[in-house]
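Undergrad: For reference, the sequence and a predicted model appear below.
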Amino acid sequence: MIVRPHRHWFVRLFAWHGSVLPDISFRLFLNLLMSLLALWLLNWYETLGIRLTLAPFSLLGVSIAVFLGFRNSVCFARFSEARHFFGALLIACRTLQRQVLALFPDEAPRIQALLLAFCYSLKHQLRRSDPRPDLERLLGADAEWVLSRRSPTNMLHLQLSHWLAEQRRQGKISDLVWSNIDESLNQLAAVLGGCERLASMPVPFAYGLLLHRTVYLFCTLLPFALAPDLHAMTPLVSMFISYTFLSLDTLAEELEMPFGYQNNHLPMDAICANIEISLREMAGEEETLPTPLRPDVHYRLT
Amino acid sequence: MIVRPHRHWFVRLFAWHGSVLPDISFRLFLNLLMSLLALWLLNWYETLGIRLTLAPFSLLGVSIAVFLGFRNSVCFARFSEARHFFGALLIACRTLQRQVLALFPDEAPRIQALLLAFCYSLKHQLRRSDPRPDLERLLGADAEWVLSRRSPTNMLHLQLSHWLAEQRRQGKISDLVWSNIDESLNQLAAVLGGCERLASMPVPFAYGLLLHRTVYLFCTLLPFALAPDLHAMTPLVSMFISYTFLSLDTLAEELEMPFGYQNNHLPMDAICANIEISLREMAGEEETLPTPLRPDVHYRLT
Amino acid sequence: MIVRPHRHWFVRLFAWHGSVLPDISFRLFLNLLMSLLALWLLNWYETLGIRLTLAPFSLLGVSIAVFLGFRNSVCFARFSEARHFFGALLIACRTLQRQVLALFPDEAPRIQALLLAFCYSLKHQLRRSDPRPDLERLLGADAEWVLSRRSPTNMLHLQLSHWLAEQRRQGKISDLVWSNIDESLNQLAAVLGGCERLASMPVPFAYGLLLHRTVYLFCTLLPFALAPDLHAMTPLVSMFISYTFLSLDTLAEELEMPFGYQNNHLPMDAICANIEISLREMAGEEETLPTPLRPDVHYRLT
Amino acid sequence: MIVRPHRHWFVRLFAWHGSVLPDISFRLFLNLLMSLLALWLLNWYETLGIRLTLAPFSLLGVSIAVFLGFRNSVCFARFSEARHFFGALLIACRTLQRQVLALFPDEAPRIQALLLAFCYSLKHQLRRSDPRPDLERLLGADAEWVLSRRSPTNMLHLQLSHWLAEQRRQGKISDLVWSNIDESLNQLAAVLGGCERLASMPVPFAYGLLLHRTVYLFCTLLPFALAPDLHAMTPLVSMFISYTFLSLDTLAEELEMPFGYQNNHLPMDAICANIEISLREMAGEEETLPTPLRPDVHYRLT
Amino acid sequence: MIVRPHRHWFVRLFAWHGSVLPDISFRLFLNLLMSLLALWLLNWYETLGIRLTLAPFSLLGVSIAVFLGFRNSVCFARFSEARHFFGALLIACRTLQRQVLALFPDEAPRIQALLLAFCYSLKHQLRRSDPRPDLERLLGADAEWVLSRRSPTNMLHLQLSHWLAEQRRQGKISDLVWSNIDESLNQLAAVLGGCERLASMPVPFAYGLLLHRTVYLFCTLLPFALAPDLHAMTPLVSMFISYTFLSLDTLAEELEMPFGYQNNHLPMDAICANIEISLREMAGEEETLPTPLRPDVHYRLT
């Protein structure tokens, strides 16, 4: 199980790493400049009959909040679905390991290697990183053929399926046991297909675009609407409101594609290490268990 | 896996293709005219005792935002369900290919052709386009009979089922294996039935209608409510608010029926090509793999 | 597949049939009268110290919008679940037809008749209409016994089950095949039980009541709150807001019980015809295929 | 199927039974007193510099509406899940009855009695009422042993399981048929476990508490915020807003624990009677069918 | 079934234990101080041209309410999922107990001990408490080996799997019965994997952080925005609004990680005791049934 340290609430209040502050600090700074500009020009443009009052921004702000809430729940659902897939991956790997240990103790090491290779290869496919080191470590010479295919993860799955069909052909297992283990292989296939779906199909582009634009324009015009009422407090309130809206917009975008290396993405390295530990422990390889990954000093876990 | 390029946030901010701007530009222009009219007539109709203040529009705007949020989540759920069906289609095709390769290596090419024909035929049925070229490419002379039926996709499914029953009758597979593969065929049937349900049953007509009307009337009256307060800024704020509401209304309508050729519709061409690549690679037809479809210069993927 | 024509957006904007306007026109007219009354009495009751301002109505209106949003999503979920059940009915019927055609070609016509009778009987049970014509058309003389039972749909299901058990007793199918087809029968039972649940258990009565009362009272008092600010524009704005709230309330009520004949109810006639076409086509009865139902000139489909 | 009469909308508007009015009438009366107090003391406490304006109450009211909306959807989900369990109970009982009638016609009466006893015992367990009369009616002398156990419902389930295992041991059914019927027994177990989960685990106490307190305090202070603006209309508007908020709070609480005797609780008596009718009809006991329960003159169904 | 006493609504209104008041009392006190400060400094900072009006806070407050609503539903979904897992644990344990009692009466005591050890070990793993006392009580000498492993819960599951495979190897059960019971073991594995997922993967850190910060800053600035309007009533209204927002934020955080000892966490002690009672009762160990845990005098149940 992946263990995360707990941060004190006061420390958290000023957290920089792990928050979205680094991503939006530039835009908050722009907002500050815009507020100062609004204050500086206030008297001049009021004489021109150009007025912005808060009432329409209130209507617009609440509407944007409703839409941001919707976009956040959609993007969070994607993140959550991705997390479910990796949870299901752990469960399916354990089940297959359990079934293989019980029914084919001799073959267990090879199947375990294929299962782990499947997990690592899936991780690299989703991150578009190089699977070579992990696959060579796990599969040795067999890795070469897999790496030469277009979709190594699916090919590893196919190898598991071929191995299982071979056992059935040789009469080592009945049709029923074949069907049972095949069902577990289907779980792996569902995880693979589901992750590919998430990775290849973002939330419709126009949603994100619409909210980006609206949030940016809203934050840009806001100081001009606040200035007539708040005078010197304009920068504070404007940055506060902008912080809330920009953060949520940025966070939604991060969660939309959860398979990267960012702070709020899925810690797939840790999850794969966790699966490896679990399978090796089940096989009794106590002495060679890797250490679980832990968050670094900035509470980051990749 | 379908790969999508990433656009820089600044480029995105001014994106025209892929956004809903082309669809609503005419209505935004009308809104601009209405704003200018409101400003021009302001003094005249205020003397008539005709006044519109922002307060009731604020109440109405927030209410419409809540209802638009509801409609968007309903329409997005349809889009998302459609995407799930096509994800399940890939998984089911792979599973069937896997089972057929393991159990009936000789029959694999024919079944692969039927599976791919099923996918392409489903695509054409949902888009109401002509399945002939794809079916003839895949099935050769057998395509004629299928094309002469009312529902070719279901007939292709029936052919798969008949082939499977034939294998069982000839004693090539036990009842249990039959039952297992039949289960995979049921997955295909569920995808077909589900897509037909989505395509034939929109969100109740009155929902879309109600929000269309309300949004249009709201955007038309809004300038008159803004003008007394904002004077020269009326067109800017009115178009901003209208942009937000009209965009969401338009986007919801696009997502409601996700099986077309519009920007935010399902890229079924790319998905079908992807399934074809996946099945052919599993069958070892490395040399004849088609190239995956990629978004065009406007980031469009059909 | 049921095909629906597309209406131009401009035509739709003034649609009368299919919208909820016919249902609420009387109440909108009452609202108009109330607005005129509010305007007429304005000076008199302001002198009495009776004042209604928009601020509390704004708070109340937004709250009602949130609750209406909740009620709409609940009622829409019921509609959507009902639609899912009828989608699952089509899929289950096709699966059974497929299995019966493959395994018992001789019995297929009789089973097809029972399956279709099940669908039509379900439709009539949910609409509380008379199943006699449909059952006599499909079952001939056997219809009499079924019609004499309290719950004909469930009895038809039981007949399917008895027929299947008979095949197993006679050794025509193994226990496994029996179990597979029994599973498909369970799908039918789940559809039947689910539809009965929807039909016999509305959303808790107090929800609808609460929102009815609140919406009515809100719309009745609204003109008095608008009149001091808007004067001559009161009827327009009041009717606009009332239209939005009354429509959503009415629509939610229609969707709550989706098994009727109203515009936004499930088109069960078309769905049953569709199932019949699909099953007959699978059985090769090309020449006797009924024509699919299409929406009438008012875009209505029952 | 349980049939409910339809009430005319005008009658419904003044419905007392079935609404939550009886539960909140006392609190609405208190609110009236508070409004009169606010009006009476208005001049006095305004001179003391004590002012309450509507603006912060507007912010608070909308926030409470959002949270009430959340709480309502959570509590409604519990009600809805409970209803699903009882729907699944009907389906599972019918399936078991169907399987037993087909495979063990001789044993059917005994199993039917056990199934019905399971349903009634579940009802009594959830309502903490006395299962003795129902169990004695159904099981005769065997009821005594069951009633002496701590959890009679689970014991009845265990008896069904023991009976099934006995059939398998005697070779009357193959392992496969055993497995199929065991699957149906698992459905019953899932209903039992799910209902126990709902009954033993309310929504976290602090949620209800938080909203109770907030709603009560809000309604108590509201008249003082309304009085300066609305004068004589304060009681009307204050009671209207309080009615909306208190009703939703009360309704959510009722739905949270849907296994009681209140108006909006599950009509478990009617559902159990319905299951009994359905099973007896399937067994051909036409002459002894009980009459379905119908709502009483106050539209109440227990 | 776990039984909870009912508290009178008036008593509940002033409940201290079980509410989140103890957690936020310090922050509410700070808010009181801030209100008094705002009142005291009001005249001074108004002369400096520093003004805060309620309008932007209204916009911000409603937006925060929308986001808090989203965060609450996400965190509640985690709590609810955890509760579902423990419900599924009870159901799976009962099913396994039922199957073992029917098929291997001799082995039942050993399997029952392993099942209970699995439940208690899962509880201790999630709470990071010491499983030794419970495992030694249940397993005796066998506990030592399990306790020496890194993940005892998974090892207990593996033992159950090994035992089952042994029965199959010895020919005591057919492949089919093996497959059936293996399916029940998979349910246990799914509960284990799901709970590990919940425990190791919180809601993205940035969500909680963002709302914490926004709520704190909002509550800190609120008194300054209320003071110009409300004067002496500022502390009351400011604390009321802060109470609502801080409570919901705190509650969401508690529910996010439901496996602890706090008031609104899962009562895993009571649930495990309940499972033990249920299994022992099924095995007929009537005389040694433990007593169910009940809430203490503060209505707390761990």
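TA: Now that the structure is in, tell me what you want to look at.
Undergrad: Please identify the buried residues of stretch A:195-211?
TA: The neighbour-count check on stretch A:195-211 (16 or more other C-beta atoms under 10 Å in any protein chain shown) flags A:195-201, A:203-211 as buried. C-beta coordinates here come from the backbone N, C-alpha and C atoms, glycine included.
Undergrad: From these, pick the one nearest A:S35.
TA: Lowest distance from A:S35 to those (C-beta to C-beta) belongs to A:L211, with 22.2 Å.
Undergrad: secondary structure element for whatever residue of the stretch 1-150 of chain A ends up closest to chain B?
TA: Minimum separation of the stretch 1-150 of chain A from chain B (C-beta to the nearest C-beta) falls at A:S63, amounting to 3.7 Å. Per DSSP states H and E, A:S63 falls inside helix A:54-103.
Undergrad: check whether that helix contacts chain E.
TA: Yes: with C-beta under 8 Å from any C-beta of the partner chain as the criterion, chain E is reached by helix A:54-103 at A:54-55, A:57-58, A:61-62, A:64-66, A:68-69, A:72-73, A:76, A:79, A:83-84, A:86-88, A:90-91, A:94-95, A:98-99, A:101-103.
Undergrad: Now a ChimeraX select for only the buried ones of these.
TA: Of the residues of helix A:54-103 next to chain E, the buried ones go into a single ChimeraX selection, burial set by 16+ other C-beta under 10 Å:
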select /A:54,55,57,58,61,62,64,65,66,68,69,72,73,76,79,83,86,87,88,90,91,94,95,98,99,101,102,103
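Undergrad: ok, the residue of chain A found nearest chain D - contacts?
TA: In chain A, the residue that lies nearest chain D is A:V62 (8.3 Å; C-beta to the nearest C-beta). By C-beta atoms under 8 Å, 6 or more residues apart in numbering or on different chains, the contact set of A:V62 is B:61-62, B:65, E:59, E:62-63, E:66.
Undergrad: where do the helices sit along the stretch 151-300 of chain A?
TA: With helices called from DSSP state H, counting those that start in this stretch, the stretch 151-300 of chain A shows them at A:152-169, A:175-200, A:205-230, A:234-256, A:268-282.
Undergrad: got these as a markdown table, with distance to C:L122 and mean pLDDT columns?
TA: Conversion of those to a markdown table gives the following (distance: least, C-beta to C-beta, whole Å; pLDDT from 0 to 100):
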| stretch | distance to C:L122 | mean pLDDT |
| --- | --- | --- |
| helix A:152-169 | 40 | 92 |
| helix A:175-200 | 32 | 92 |
| helix A:205-230 | 39 | 88 |
| helix A:234-256 | 42 | 91 |
| helix A:268-282 | 46 | 93 |
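Undergrad: Mind checking these for the one nearest to B:L36?
TA: With C-beta to C-beta, the closest approach to B:L36 among the helices of the stretch 151-300 of chain A belongs to helix A:205-230: 19.7 Å.
Undergrad: anything in the closest one near chain B?
TA: Yes: residues of helix A:205-230 contacting chain B under C-beta under 8 Å from any C-beta: A:205-207, A:209-210, A:212-214, A:216-218, A:221.
Undergrad: For the spatially most central residue of chain A, list the residues it contacts.
TA: Against the mean C-alpha coordinate of chain A, by C-alpha atoms, centre = their mean, the closest residue is A:P258 at 2.0 Å. Applying C-beta under 8 Å, 6+ apart to A:P258 gives the contacts A:78-79, A:82-83, A:198, A:264-266.
Undergrad: please redo it, this time with the cut-off set to 7 Å
TA: Shown in contact with A:P258 (C-beta atoms under 7 Å, 6 or more residues apart in numbering or on different chains): A:78-79, A:82, A:265-266.
Undergrad: So which residue of chain A lies furthest out from the middle?
TA: Distance from the C-alpha centroid of chain A, by C-alpha atoms, centre = their mean, peaks at A:T47 (50.8 Å).
Undergrad: What does the pLDDT read for it?
TA: Listed pLDDT for A:T47 reads 79.
Undergrad: cool, and A:V3?
TA: 64.
Undergrad: Any figure for the gap between whichever residue of the stretch 101-250 of chain A sits closest to chain E and E:I181?
TA: The minimum distance from the stretch 101-250 of chain A to chain E, using C-beta to the nearest C-beta, falls at A:A102 (3.4 Å). Distance of A:A102 to E:I181, computed by C-beta to C-beta, to the nearest Å: 12 Å.
Undergrad: and what of A:C272?
TA: Separation of A:C272 from E:I181 (C-beta to C-beta): 31 Å.
Undergrad: quick revisit: now the contacts of A:V62 in a markdown table, with pLDDT?
TA: Putting the contacts of A:V62 into a markdown table (pLDDT from 0 to 100) gives the following:
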| residue | pLDDT |
| --- | --- |
| B:G61 | 91 |
| B:V62 | 89 |
| B:A65 | 91 |
| E:L59 | 90 |
| E:V62 | 89 |
| E:S63 | 91 |
| E:V66 | 89 |
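Undergrad: Name the residues of the helix or strand A:L30 falls within that come out as buried.
TA: Following DSSP H and E, one finds A:L30 within helix A:21-47. Under the neighbour-count criterion of 16+ other C-beta under 10 Å, helix A:21-47 has A:21, A:23-24, A:27-28, A:31-32, A:34-35, A:38-39, A:42, A:45 buried.
Undergrad: tell me the angle the helix holding A:S63 makes with helix A:234-256.
TA: 30 degrees (axes from the mean of the first three to the mean of the last three C-alpha atoms, to 10 degrees).
Undergrad: ok, then the element right after helix A:54-103?
TA: helix A:108-127.
Undergrad: correct me, but A:P290 touches A:E276?
TA: Yes: shown here, A:P290 and A:E276 form a contact pair, counting by C-beta atoms under 7 Å, at 6.1 Å.
Undergrad: Mind checking which of the two has more residues around it?
TA: For A:P290 versus A:E276, neighbours defined as other C-beta atoms under 10 Å in any protein chain shown are more numerous around A:E276 (21 against 10).
Undergrad: Tell me how many other residues surround the closest residue to the more buried one other than its chain neighbours.
TA: If the residues on either side of it in the chain are set aside, A:E276 comes closest to A:L116, at 5.6 Å by C-beta to C-beta, 6 or more residues apart in numbering or on different chains. Neighbour count for A:L116, taken as other C-beta under 10 Å: 23.
Undergrad: measure the nearest residue to A:L222 once chain neighbours are set aside to D:V237 for me?
TA: Excluding its sequence neighbours, the residue lying closest to A:L222 (C-beta to C-beta, 6+ apart) is A:S238, at 5.3 Å. As judged by C-beta to C-beta, A:S238 and D:V237 stand 34 Å apart.
Undergrad: Between the two, which has more neighbouring residues?
TA: A:S238 (27 against 23).
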